[in-house]
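Participant: With the sequence up front, the predicted model follows.
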Protein chains: 2
Amino acid sequence: MTGPRKDTPVDHLAPVRTSERITDAVYESLRQAIFSGALQPGTKLSVPGLAERLEVSRSPVREAVVRLTWDRLAVEEPRRGAVVARVDLADLAELYEVREVLEGVAARLAVRRAGPALAGELERILRKHEQAVALGNLAEHTELDMSFHSRIREAGGNHHVIRALDEIQAQVRLAMVTTTVTSGPHSAVADHRRIVAAIRTGDADAAEEAARAHIARLKHALRQGEAEQEPDSADTVRQEPG
Amino acid sequence: MTGPRKDTPVDHLAPVRTSERITDAVYESLRQAIFSGALQPGTKLSVPGLAERLEVSRSPVREAVVRLTWDRLAVEEPRRGAVVARVDLADLAELYEVREVLEGVAARLAVRRAGPALAGELERILRKHEQAVALGNLAEHTELDMSFHSRIREAGGNHHVIRALDEIQAQVRLAMVTTTVTSGPHSAVADHRRIVAAIRTGDADAAEEAARAHIARLKHALRQGEAEQEPDSADTVRQEPG
DNA sequence: TTTTCGCATGTTACATGTAGAGTGAACCGA
DNA sequence: TCGGTTCACTCTACATGTAACATGCGAAAA
């Protein structure tokens, strides 16, 4: 997976440590800052300002900001600069329309390439996942939920599917800065279990269908404008004013 | 000029378009050069070289090259520069796996949003298309084929679907520089006709299925390593050595 | 008061300078 | 003949300079 170690608390927007290319480090830094909420949606991404804060020149910052706009984590107007993107419920609904079919094809390809052997690995993630949900650990739930889907698309091995879903996942993470969009950890785990079951039997059609149904359920929850409430969680759809 | 009245805005002055950036022009220029074959796959994209040839400084060229990298028309290795991407049959097969479901969802959304009204417009394209095919006009065939699909995804209105399919279309165009991949203009027209028929009835499921089947057929032709030959065309799958 | 103008400030987009990595051809020793 | 080294050259990645443009605010005008 990607991302820095999580055991050391990270001050996003601290001076950047040059790993390989400064551009890459700046890009990673800004990305994390956006996901963590340190850079809220709507925040202006001033190249000179960020360059000074990160103690690098404007060139790598400029390139990193441009890359963020490719990812749709920032939006840019010519000669007016870039701001951190805002992903609202309507955007998410649109996104999930695509995600539905992509997760479906990812599951199909995963069965074709990795076969039922993948089921064991997913089972391990799933067990940790349901444990986290049982303990009400929201952050861990999110993490393992993403890992589950990530593992499936990696197993499928199709570069374009992986790329598209990575991008969608980034959008969803960004949406979570201003909106809580889970339709209930318990339902997620149940859906995941069905996907694993289909993969275990080696039935590609069933796997595709289960994966699609999972996202379709989330999509419908979004469309109703509210998520399914569960007794042990306060999750709901909460959209903040723009 | 005296003070204009505020309730009647001056209407012969449209907002001036501010987007005359050199970067955009360079990007467009390189893109066309790649599609036309003037910049063959594998060609090194030297920033200083291109800057001199295009008579601009290196900055906008650098940014344009990075953009090409982002939409996979070029591939870049850190500190080694970028070269024009090469899309071979294996890449195309992978691509079509995604394209299949995306064209499907695009058709579904098009029916939902535009309804049967869209069918008339597609019919117009289709008629020109079959005329071009009848005359053996290959370039026109390609153009109208792309227009057909483009119109459907635009009608669907999902930004992410549009973007993903635009990117895929660019890859296909790039592949055509070294490979002829059409599985026969006549079959394409026939498939398109089925899609239009489904859209005309307003049956979203049928439209999705017809669009998926269309791409699935192309995918299978690719996988066999050869396209269906037609009497009036010399189209085949011809992969040049790398 | 309301609108307009002028100024100050900040930013983008592009141009250009440069250290050091990457590359290839000539050269060398075996 | 052939593997290795040198060296000249090119390019990338980053730093920095600057003109044109955007923007916010206070003063002047209506």
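Facilitator: Arrived safely.
Participant: Could you list the low-pLDDT ranges of chain A?
Facilitator: A:1-19, A:181-182, A:225-242 (pLDDT under 70).
Participant: The spatially most central residue of chain A is in what secondary structure piece?
Facilitator: Centroid-nearest residue in chain A, with C-alpha atoms, centre = their mean: A:Gln169, separated by 2.7 Å. Here A:Gln169, judged by DSSP states H and E, is contained in helix A:159-178.
Participant: Only the buried residues of stretch A:205-217, if you could.
Facilitator: Under the neighbour-count criterion of 16 or more other C-beta atoms under 10 Å in any protein chain shown, stretch A:205-217 has A:206-217 buried. Placement of C-beta: from N, CA and C, glycine included.
Participant: no wait, stretch A:37-54
Facilitator: Applying 16+ other C-beta under 10 Å to stretch A:37-54 flags A:38-39, A:41, A:45-47, A:50-51, A:54 as buried.
Participant: Endpoints of it, how far apart?
Facilitator: 17 Å (C-alpha to C-alpha, to the nearest Å).
Participant: Likewise for stretch A:32-42?
Facilitator: 16 Å.
Participant: and that stretch, is it in reach of DNA strand C?
Facilitator: No - legend: contact between stretch A:32-42 and DNA strand C by C-beta under 7 Å from any atom of the strand is lacking; minimum distance shown is 13.6 Å.
Participant: so does that stretch get close to DNA strand D?
Facilitator: No - applying C-beta under 7 Å from any atom of the strand, one finds stretch A:32-42 out of contact with DNA strand D, separated by at least 12.7 Å.
Participant: who does the top helix by length along chain A touch, helix- and strand-wise?
Facilitator: When chain A is parsed with DSSP state H, its longest helix is helix A:89-114. Under the contact criterion of 3 or more C-beta pairs under 8 Å, 6 or more residues apart in numbering or on different chains; DSSP states H and E, helix A:89-114 touches helix A:138-156, helix A:159-178, helix A:185-201, helix A:204-223, helix B:89-114, helix B:159-178.
Participant: Could you say which of those helices is packed most deeply?
Facilitator: Mean neighbour count, computed with mean count of other C-beta atoms under 10 Å in any protein chain shown, is highest for helix B:89-114 among these, reaching a mean of 22.
Participant: could you check the angle helix B:159-178 makes with that one?
Facilitator: 140 degrees (axes from the mean of the first three to the mean of the last three C-alpha atoms, to 10 degrees).
Participant: and the angle from helix B:89-114 to helix B:185-201?
Facilitator: Following the same axes, to 10 degrees, one obtains 30 degrees for the angle between helix B:89-114 and helix B:185-201.
Participant: re earlier: any residues touching the helix holding A:Gln169, and which ones?
Facilitator: Contacts to helix A:159-178, defined as C-beta atoms under 8 Å, 6 or more residues apart in numbering or on different chains, come from residues A:31, A:34-35, A:37, A:40-41, A:71-73, A:85-88, A:91-92, A:95, A:98-99, A:102-103, A:105-106, A:109, A:142, A:146, A:149-150, A:153-154, A:156, A:181, A:239-240, B:94-95, B:97-98, B:160, B:164, B:168.
Participant: And A:Asp88, its phi and psi?
Facilitator: phi -100, psi -180 (degrees, to the nearest 10).
Participant: Distance check, the residue of chain A found nearest chain B against DNA strand D.
Facilitator: As assessed by C-beta to the nearest C-beta, chain B sits closest to A:Val101 within chain A, at 4.0 Å. Plainly put, A:Val101 is 35 Å away from DNA strand D if you go by C-beta to the nearest atom of the strand, to the nearest Å.
Participant: Much appreciated, bye for now.
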